[in-house]
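**Q** quick one: sequence and predicted model below, then my questions.
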Amino acid sequence: PQIRKMLSSGVCTSTVQLPGKVAVVTGANTGIGKETAKELAQRGARVYLACRDVQKGELVAREIQIMTGNQQVLVRKLDLADTKSIRAFAKDFLAEEKHLHILINNAGVMMCPYSKTADGFEMHIGVNHLGHFLLTHLLLEKLKESAPSRVVNVSSLAHHLGRIHFHNLQGEKFYHAGLAYCHSKLANILFTQELARRLKGSGVTTYSVHPGTVNSELVRHSYLMRWIWWLFSFFIKTPQQGAQTSLYCALTEGLEVLNGNHFSDCHVAWVSAQARNETVARRLWDVSCDLLGIPVD
Ligand SMILES: NC(=O)C1=CN([C@@H]2O[C@H](COP(=O)(O)OP(=O)(O)OC[C@H]3O[C@@H](n4cnc5c(N)ncnc54)[C@H](OP(=O)(O)O)[C@@H]3O)[C@@H](O)[C@H]2O)C=CC1
Ligand SMILES: CC1=C(/C=C/C(C)=C/C=C/C(C)=C/C=O)C(C)(C)CCC1
C-alpha cells in the first residue's frame, strides 16, 4: 500500500466549475485523455473529444454523457498523423465555436515500429510533437480571444532520456523506438516553454505535464512494456489518477504565474538540462514551423 500510495500521489483539489467553458482533449477515447475529458464534462464544460477513431469516440462520449449528465460532449475526427486532418478539425472547430478555454494536447504514441505520418514525419515526433504544434498554432487566435485560457501539453518523465537531434529529427539516420518516444516528449516540454515565452501578456498560459506511470493502452506496441505494466498493474496509477496533473494545470486558480512550467503529481517538477535550453527551444520552434509550412516569425 505504501508503494502504491507513493506512485499514485497528486490529486487535483480545485473546485472550479466550468459552465459556459469550452475544452478540447486530444486522444480522449481512452486512457488519461478519457478521464480528463470526463472530469471536464463533470464540471459543466462543453468538451470536444478529438479522436482519430470517431466510432470509439462516440461510445466514450455516450458513456461520459450518461455518467455526468452533461450532453455537451462532442466527438470530432482528428488524426494527428495527418496535417490535412488537423487542418480540417481546426477549420470546422473555428467555424462552429466562439470560444476555446482549455486545450489538452494529450494524445500520444509510444515505441511504435519505425513508420511515418501522412506527411512523412517519423511517427513519434510527428504525432506527439508536430501534430500538437500545428493544432495549437491553428487554435491560438481562438484561445487568445477566449483568455484567460490554457494549453496543457502531456509530456513525460521519459523526456530525461530525450535529445533533439536536429540532423536526425525524422530518425532516418538511426532509430530506436524507445528513444524516439523520449525525444518527442522532450519536444513537448521545449514547445511548452517557447509557447509560454511567446504568449506572455496574452492571457493564454501553458504547462507541460508528467502524468505518472499509468495503466493505459500506451504500452500497446511493446511486448516488454505490456508485461512490465501487467506485472506492476496494482502499483501504477489508474487513468483517473493519471489525469489529475492535467486537470490541475487546466483548472487551478492562480497558476498563471507558473506559465511554462512542468508539473508532476500536481507540483512543479524538475526537467532535464536540454529541456531548459532556450536556444534549442527556439530552434525547435523554427524547424517545426518550417516542416509544417507555418511562416516563421
Ligand atoms: N501511460 C503512461 O504511463 C504515461 C503516459 N504519458 C502520456 O500520456 C498521454 C496519454 O497516454 P495514455 O492515456 O497513457 O495512452 P493511451 O494509449 O491509452 O491513449 C493515447 C491516445 O492517443 C490517441 N492517439 C494516438 N495516435 C493518434 C493520432 N495519430 N491521432 C489522434 N490520436 C491519437 C489514441 O487513440 P487510439 O485509441 O485511436 O489509438 C488514444 O486515444 C500520452 O501523451 C503519453 O505520452 C506520459 C507518461 C506516462
Ligand atoms: C521498474 C519499475 C517500474 C517501471 C517503470 C517504468 C518502466 C516506467 C516507464 C514510464 C514510461 C514509459 C512513461 C511514459 O511516458 C514501475 C512500474 C514504476 C514499478 C516499480 C518498478
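**A** Nice, thanks for sending it over. Ligands and ions are numbered 1, 2, ... in the order given.
**Q** residues in contact with stretch 214-228?
**A** 30-32, 108-113, 177-178, 229, 233, 236-239, 241-242 (CB atoms under 8 Å, 6 or more residues apart in numbering). C-beta here means a position set from N, CA and C on the backbone, and glycine is covered the same way.
**Q** how about stretch 134-152?
**A** By CB under 8 Å, 6+ apart, the list of residues contacting stretch 134-152 from outside reads 22, 24, 26, 78, 80, 83, 86-87, 89-90, 93-94, 97, 99-106, 191-192, 195, 202-209, 246, 249-250, 255-256, 292, 294.
**Q** and residue 254, backbone torsions?
**A** Residue 254 has phi and psi values of phi 80, psi 10 when expressed as degrees, to the nearest 10.
**Q** please read the previous query as pertaining to residue 78.
**A** Per degrees, to the nearest 10, the backbone of residue 78 is at phi -150, psi 110.
**Q** who's in contact with it?
**A** 26, 50-52, 85-86, 89, 107, 135.
**Q** could you do residue 257 as well?
**A** Applying CB under 8 Å, 6+ apart, no residues qualify as near residue 257.
**Q** how far away is it from ligand 2?
**A** Separation of residue 257 from ligand 2 (CB to the nearest ligand atom, to the nearest Å): 27 Å.
**Q** and for residue 224?
**A** With the distance defined as CB to the nearest ligand atom, residue 224 ends up 9 Å from ligand 2.
**Q** can you check residue 55 too?
**A** Between residue 55 and ligand 2 the distance is 27 Å, computed by CB to the nearest ligand atom.
**Q** in the stretch 51-200 of the chain, what residue comes closest to ligand 1?
**A** When you check the stretch 51-200 of the chain against ligand 1 by CB to the nearest ligand atom, the closest residue turns out to be residue 108, at 2.5 Å.
**Q** count of neighbours near the residue of the stretch 101-250 of the chain found nearest ligand 2?
**A** Using CB to the nearest ligand atom, the point where the stretch 101-250 of the chain gets nearest to ligand 2 is residue 156, with a distance of 3.1 Å. Neighbours of residue 156 under the rule other CB atoms under 10 Å: 26.
**Q** thinking again about what came up before, tell me which of the contacts of stretch 134-152 fall in strands.
**A** Using DSSP state E, 22, 24, 26, 102-105, 204-209 are the members of those that sit in strands.
**Q** OK, contacts around the residue nearest to residue 175 when sequence neighbours are not counted?
**A** Of all residues not flanking residue 175 in the chain, residue 114 sits nearest, at 5.0 Å (CB to CB, 6 or more residues apart in numbering). Residue 114 is in contact with 122-123, 171, 175, 177, counting by CB under 8 Å, 6+ apart.
**Q** re earlier: per-residue confidence for the nearest residue to the residue of the stretch 51-200 of the chain closest to ligand 1 once chain neighbours are set aside?
**A** In this structure, residue 108 finds its nearest non-sequential neighbour in residue 128, 5.1 Å apart by CB to CB, 6+ apart. With respect to pLDDT, residue 128 has a value of 98.
**Q** ok, now which ones touch residue 96?
**A** By CB under 8 Å, 6+ apart, residue 96 lies in contact with nothing.
**Q** could you measure from it over to ligand 2?
**A** To ligand 2, residue 96 is 33 Å away according to CB to the nearest ligand atom.
**Q** before we move on, what about residue 46?
**A** 29 Å.
**Q** correct me, but that residue touches residue 23?
**A** Yes. Counting by CB atoms under 8 Å, residue 46 touches residue 23, with 7.2 Å between them.
**Q** helix or strand: which one has the nearest residue to residue 295 once chain neighbours are set aside?
**A** The shortest distance from residue 295 to any non-neighbouring residue, by CB to CB, 6+ apart, is to residue 289 (7.0 Å). Using DSSP states H and E, the element containing residue 289 is helix 278-292.
**Q** any idea of the mean pLDDT for that helix?
**A** Confidence over helix 278-292 (mean pLDDT, whole number) is 98.
**Q** ok, which residues in the chain are in contact with ligand 1?
**A** Within reach of ligand 1 by CB under 6 Å from any ligand atom, the chain has these residues: 26-27, 29-33, 52-53, 56, 78-81, 106-110, 127, 154, 156, 210-211, 213-214, 216-218.
**Q** rerun at 5 Å
**A** Those residues of the chain that sit near ligand 1, judged by CB under 5 Å from any ligand atom, are 27, 29-32, 52-53, 79-81, 107-109, 127, 154, 156, 213-214, 216-218.
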